[in-house]
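In: Got a predicted model here, sequence first, then my questions.
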Amino acid sequence: MQSRVKDWLSRQFAMTLPTPLVLRRSLQLLLRQSAAPAALCSSSCHSNSRKNVLLQQQPQIQLLQSRTLQYNRGTATVASESVRPTGEDKIPAIVSAFPGQHLTAKVVFDCHTTADFKYIWLRDNCKCPKCMDSSTKQKLLDTPALDVNIRPKTVSINEEGWLQIVWNDKEEHKTVFDPKWLFKYGQSFMHNSFESDSVDKDLHPVRAEPELWGRTEIWKSLPELSYKEFNETEEGLFTWLNMFYKYGIAILRGVPVQSEKIVDVVKRFAYVKETQYGQIFDVINEPKEGTHLAFSGVALAYHTDMNYREKSPGMQLLHCLKANGPDQLGEDIGGRSMFVDGFRAARWMEENEPTAFHVLTSTPVRFSIKNSGMRYSALWPVICTDSEGDITEIHYNNRTMQPLQAPTHVVTPFYHAYKMFSQKLVEESAGLEFNLVPGDLVAFNNRRTLHARSAYDASKVDRHLQGCYVDIDEAFSKYDQLLVNRSST
């Protein structure tokens, strides 16, 4: 039956040709699945050797005269032997630099790598005090005012081994570049370099590797920590943020049961993001017309919040202030908190049902809501990917999804793909479920980890949660700061 559905789905969607990105991702998946151990070993060895080059230390500079070579397109130099790295050094040095073709400077590094830097790019990234504020690193240069066809008067390597350019303008402005900086930001311009252009070169390199999880994996390494450790030590704060980044969910135990205490928790690493629900919101049973379904006892299926906004909040926190658990009533009273890793389900789709994955990443869906007289609306694919095809966000909420507006030949494939993804989310082996008790606080990545709640009888269950949202980049910025602090000690 499953094979017939797959064949039918492929035929239905045949009218929509896969994009080059889809073809590239398919090739990457095939290579990932079929790579021989020997090839993997070779790749690993090559990667390690490259890392060793990148980690070399700056050599001791001896100020010797460098040789100057004359070129028709300007002046260039070859670095003197004294400024080239030895075998024990860590940072690639510039061997030579000279004007290249098509308004570029060709820079040759000692690790057998060359890069063609466009002159306009080099001028735009000048770091002298006139072009960049030294304290904030904000650009002072007016980029649109630059001549796109700007040319240098000279291209050379100075006595410190840095690339030096004197520009052919009225001021003869001088720009110098540290070899380490050029190598770091020049990956896109290097020959035979296939590193992603979407990588943020300033991100600290030792963030934890995100781990996809199902029920078994998450219970084996439950990401939980005591509030005392989180609140009183920097190591505790780091541990909690590290778990949050790694799993997309992190739990605090023993948080004081006080209204608005959740704000103090957030202030430990960021600030609360105010929304149409206010700075914080109370999740309690409010049986009145027009109330959000979350403020009732009905079951809530897996979803991500506020997909109907221009950008949904990246981080959500829920603090349990009141709850009577099964041990008090001797029965399953409902109201369980449920979480599932959306990235894991999306990765499964990509690897096992690539056609359906393509449908969910390329079909925009409208989400909207009307609440207390206010209406919000936005378009998102169910699965978002970046320019490299990597999964970055999940937008899934059946309650706020509006009628699909798409070409006729896309409608049926979309519903098949949507059903397939939904079934993957609710598999018994996928989710984490538990009853929150007073003092528990759970934080989760709202663009990765879907959350749900089982139904409960409000006549038997007294349940009160307080929640809030946080801009996730604030949390990750604090995480990065702690990483830097740890690496420098």
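Out: Sure thing, it's come through.

In: Every contact and neighbour count from this point should use C-alpha atoms.
Out: Fine.

In: Doesn't residue 108 belong to a strand?
Out: Yes: looking at residue 108 with DSSP: H, G, I helix; E, B strand; the rest coil, it is inside a strand.

In: Sticking with residue 357, tell me its helix or strand.
Out: Using DSSP states H and E, residue 357 falls within helix 354-362.

In: and that helix, what other elements does it pack with?
Out: Judged by 3 or more CA pairs under 8 Å, 6 or more residues apart in numbering; DSSP states H and E, helix 354-362 is in contact with helix 2-12, helix 342-352, strand 383-385, helix 408-425.

In: Just tell me which of these ends up closest to residue 170.
Out: Smallest distance to residue 170 across the helices and strands packed on helix 354-362 (CA to CA): 45.7 Å, for strand 383-385.

In: I'd like the next helix or strand past the closest one.
Out: Next along from strand 383-385, by DSSP H and E: strand 391-394.

In: Low-confidence ranges, this protein, go.
Out: 1-90, 191-205, 285-297, 325-332, 459, 489 (pLDDT under 70).

In: cutoff 80 now
Out: Applying pLDDT under 80 to the chain picks out residues 1-91, 112, 191-206, 208, 285-298, 324-334, 371-372, 456-462, 487-489.

In: Tell me where it has helices.
Out: Using DSSP state H, the helices of the chain run over 2-12, 20-34, 37-54, 119-124, 179-185, 215-220, 227-232, 234-247, 261-267, 326-329, 342-352, 354-362, 408-425, 472-487.

In: what sits up against the last one?
Out: Taking contacts as CA atoms under 8 Å, 6 or more residues apart in numbering, the residues outside helix 472-487 that touch it are 203-204, 206-207, 238, 241-242, 245, 269-271, 313-315, 445.

In: Show the contacting residues for the residue nearest to residue 106 when sequence neighbours are not counted.
Out: Once flanking residues are discounted, residue 106 sits nearest to residue 116: 4.6 Å by CA to CA, 6 or more residues apart in numbering. By CA under 8 Å, 6+ apart, the contact set of residue 116 is 100, 104, 105, 106, 107, 189, 190.

In: in the chain, which residue is closest to the centre?
Out: Among the residues of the chain, the one closest to the centroid is residue 392, at 6.1 Å (CA atoms, centre = their mean).

In: mind listing what the residue nearest to residue 167 when sequence neighbours are not counted touches?
Out: Nearest non-adjacent residue to residue 167, counting by CA to CA, 6+ apart: residue 152, 4.1 Å away. Shown in contact with residue 152 (CA under 8 Å, 6+ apart): 74, 119, 165, 166, 167, 168.

In: Looking at those, which is nearest residue 413?
Out: Distances from residue 413 to the contacts of residue 152, taken by CA to CA, are shortest for residue 119, at 47.9 Å.

In: Turn the helices and strands packed on helix 354-362 into TSV, including distance to residue 223 and mean neighbour count.
Out: Listed next are the helices and strands packed on helix 354-362 as TSV, based on distance: least, CA to CA, whole Å; neighbours: other CA atoms under 10 Å:
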stretch	distance to residue 223	mean neighbour count
helix 2-12	36	12
helix 342-352	17	20
strand 383-385	25	19
helix 408-425	20	17
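
In: Nice, that's everything, thank you.
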